[in-house]
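*Asks:* let's see this in three dimensions:
(one chain, ligands or ions: 1)
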Amino acid sequence: MMQMREPGLCTVDVERGELKGATNRYVKTLLDLEGLYEDQAAYTSLLAKMADEIVYEVTDYKPSSMSGDMIIGVTRMIPGKVGNEYFLTRGHIHAKPNRPEMYYGEKGTGIMLLESPAGEIRTIEIAPRTMCYVPPFWIHRSVNTGPGELVMTFAYPADSGQDYDIIAKAGGMRNRIIDDGKGGWKAVENKQYRVRSDHLIAEIQAKAD
Ligand code: ZN
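*Replies:* As a prediction, the model looks like this:
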């Protein structure tokens with residue numbers, strides 16, 4: 001007979017920005033985020049002040065990594081900028097790129113920055129009680145554009161995996177999210193970005209099992 005998995009119960013601590021009852025936790029410090037920001041001088045000087053400080057943290061509940069199962073969790077990011085560029089997560093495409101994801105705003109405001117393999121960009125504004133659907137095949141990263149912490153819950157298929165290299169190999173994502181000088185944000189071209197070859201795009205799109 002089929003082995004039944006036990007139901008799980010976690011609670012979202014919105015103030016602390018974490019999932020109580022999580023099975024995993026990982027953190028990223030500013031030092032871990034080297035090479036992501038355009039302004040190297042600003043990065044270096046900020047590093048001297050907050051090298052070990054946690055920029056973002058993920059706590060999740062992962063019952064398994066089986067196909068058809070699901071991972072749920074909470075992500076928390078502190079506010080800040082490197083030069084005029086807002087704090088961001090490393091970002092990824094799913095290792096099985098045809099897997100989707102859902103993000104739900106709990107606290108703070110930010111952007112879900114999405115890029116297709118061919119380099120199309122979408123910016124989805126996240127605020128409390130907004131739900132963002134990340135479709136299959138989109139590279140995604142979150143950006144904290146607000147004055148306080150950005151906390152979101154998320155859910156995605158347990159066998160998705162993450163490929164971070166896709167962003168690094170392209171010199172970053174096509175757009176950067178910067179301070180517009182009026183307390184808001186704007187998306188600007190990333191000068192380091194290199195467009196993917198048709199061959200690579202076809203290779204990504206073919207990974208659909
Ligand atoms: Zn994802």
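
*Asks:* show me where this protein has helices.
*Replies:* With helices called from DSSP state H, the chain shows them at 40-50, 165-169, 198-206.

*Asks:* and the residue nearest the centre of the chain?
*Replies:* Most central in the chain under Cα atoms, centre = their mean is Arg141, positioned 3.3 Å from the mean C-alpha point.

*Asks:* who touches that one in this structure?
*Replies:* By Cβ atoms under 8 Å, 6 or more residues apart in numbering, the residues touching Arg141 are Leu88, Thr89, Arg90, Gly91, His92, Met112, Leu113, Ile167, Met173. Any C-beta I mention is one placed from the backbone N, CA and C, and that applies to glycine too.

*Asks:* what do you get if the cut-off is 6 Å, keeping everything else the same?
*Replies:* The contact partners of Arg141, by Cβ atoms under 6 Å, 6 or more residues apart in numbering, come to Leu88, Thr89, Gly91, Leu113.

*Asks:* what's the nearest residue to it if we skip its chain neighbours?
*Replies:* In this structure, Arg141 finds its nearest non-sequential neighbour in Gly91, 2.8 Å apart by Cβ to Cβ, 6 or more residues apart in numbering.

*Asks:* okay, that neighbour: pLDDT?
*Replies:* pLDDT recorded at Gly91 is 96.
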